[in-house]
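Enquirer: Structure of the sequence below:
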Amino acid sequence: MKQWYEELFENYAIKYDQEGFTHGTIGECDFIEGEINYEKNTRILDIGCGTGRHSIELGKRGYEIVGIDLSESVLQRAKEKAIAENLSLEFHRYDARKLPFVDEFDLAIMMCEGGFSLMETDAMNFQILASAAKALKKDGLFIFTALSALYPLYHSVQDLMNDNINSGNTEEHSFDLITFRESSTFNIEDDLGNKKTINCNERYYVPSEITWLLQTLQFKKIDIFGSKLGAFSRNDILSPDDYEMLVIAQK
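Expert: The predicted structure is shown next:
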């Protein structure tokens with residue numbers, strides 16, 4: 001049985017590139033470049049690369065990139081876009097929990113969750129972090145975004161709970177205070193015109209959880225900031241108004 005994220009991205013590459021959250025790529029890559037001091041010898045792993053928007057932009061700037069994703073559909077579009085830009089980039093279909101790389105990369109990026117937060121269990125999400133850590137060289141850098149539990153805890157949990165109690169239906173939109181998981185149902189039309197109903201389940205994290213998980217994986221320096229679309233900044237202190245957090249960790 002396919003998981004919701006596999007079903008969503010089965011034929012959703014063109015539509016994905018039209019999503020609003022994909023429009024911050026250039027600013028996000030500007031930030032990434034600054035974090036590696038514009039060192040062109042940096043070898044980068046793009047986990048959950050999707051249609052390759054960060055990989056391609058960084059490739060255009062002269063970096064060596066390997067992009068991985070679980071979806072054949074988005075990988076095919078990534079390859080087509082790279083060819084159109086006359087770029088020779090590597091894109092592979094791998095499960096982010098079971099990457100074959102060991103001590104190979106100077107930087108790993110995982111934008112827009114990139115698989116993390118989407119898995120069915122906390123253990124599976126942790127496997128993604130562990131796999132990324134294994135792929136990095138000593139002193140390697142890991143930059144990723146994660147859903148911030150501060151947002152629903154501060155803004156909407158009570159409203160969600162009241163809605164669920166009144167409707168008697170927790171399938172449309174609910175947030176579990178025990179597991180920090182949001183369940184929602186939404187309808188899409190894929191690139192082939194097929195209409196689908198997706199039952200989504202995502203895990204939100206508080207900063208202390210992320211810090212502890214990364215420390216468990218021997219990351220020595222961990223910084224967490226607010227995450228603004230296309231405008232990552234170390235000056236952006238994480239607040240309850242940030243839907244995502246930006247994590248920068250060094251081994």
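Enquirer: quick one, strands of the stretch 151-251 of the chain?
Expert: For the stretch 151-251 of the chain, the strands defined by DSSP state E, counting those that start in this stretch cover 173-176, 181-189, 195-203, 221-226, 244-250.
Enquirer: Would you tell me which of those gets closest to residue 212?
Expert: strand 221-226 (9.5 Å; CB to CB). Yep, even glycine has a C-beta here, placed from its N, CA and C like the rest.
Enquirer: And residue 18, how far from residue 57?
Expert: 17 Å (CB to CB, to the nearest Å).
Enquirer: ok, those two, which is more surrounded?
Expert: residue 57 (19 against 8; other CB atoms under 10 Å).
Enquirer: Quick check: which of the strands of the stretch 151-251 of the chain is buried the most?
Expert: Highest mean neighbour count of those: strand 244-250, a mean of 23 (counted as mean count of other CB atoms under 10 Å).
Enquirer: Could you tell me the average pLDDT over it, please?
Expert: Strand 244-250 shows a mean pLDDT of 97.
Enquirer: Go ahead and measure how far stretch 220-236 is from the middle of the chain.
Expert: 14 Å (CA atoms, centre = their mean, to the nearest Å).
Enquirer: mind listing what the spatially most central residue of the chain touches?
Expert: For the chain, residue 113 is the residue whose C-alpha lies nearest the centre (CA atoms, centre = their mean; 1.8 Å). Residue 113 sits next to 48, 145, 146, 147, 202 when contact means CB atoms under 8 Å, 6 or more residues apart in numbering.
Enquirer: nearest to residue 64, of the strands of the stretch 151-251 of the chain?
Expert: Closest among the strands of the stretch 151-251 of the chain, using CB to CB: strand 244-250, at 19.7 Å.
Enquirer: which outside residues touch that closest one?
Expert: With CB under 8 Å, 6+ apart, strand 244-250 has contacts from 35, 139-148, 150, 205, 207, 210, 214, 219-227, 232, 234, 236, 238.
Enquirer: ok and it relative to strand 221-226, angle-wise?
Expert: 160 degrees (axes from the mean of the first three to the mean of the last three CA atoms, to 10 degrees).
Enquirer: Can you tell me the strand partners of strand 244-250 and which way each runs?
Expert: strand 136-147 (antiparallel), strand 221-226 (antiparallel) (DSSP bridges).
Enquirer: Only C-alpha atoms, please: export the first one in PDB.
Expert: Output in PDB follows, covering the C-alpha atoms of strand 136-147 (Å, rounded to 0.1, in the frame of the first residue of the first chain):
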ATOM      1  CA  LEU A 136      28.400  13.900   5.600                       C
ATOM      2  CA  LYS A 137      32.100  14.200   6.000                       C
ATOM      3  CA  LYS A 138      33.700  15.200   9.300                       C
ATOM      4  CA  ASP A 139      32.800  18.900  10.000                       C
ATOM      5  CA  GLY A 140      30.000  18.500   7.300                       C
ATOM      6  CA  LEU A 141      27.100  20.900   7.400                       C
ATOM      7  CA  PHE A 142      23.400  20.000   7.400                       C
ATOM      8  CA  ILE A 143      20.800  22.600   6.500                       C
ATOM      9  CA  PHE A 144      17.200  21.700   6.600                       C
ATOM     10  CA  THR A 145      13.700  22.900   7.400                       C
ATOM     11  CA  ALA A 146      11.200  21.200   9.700                       C
ATOM     12  CA  LEU A 147       7.600  21.900  10.700                       C
END
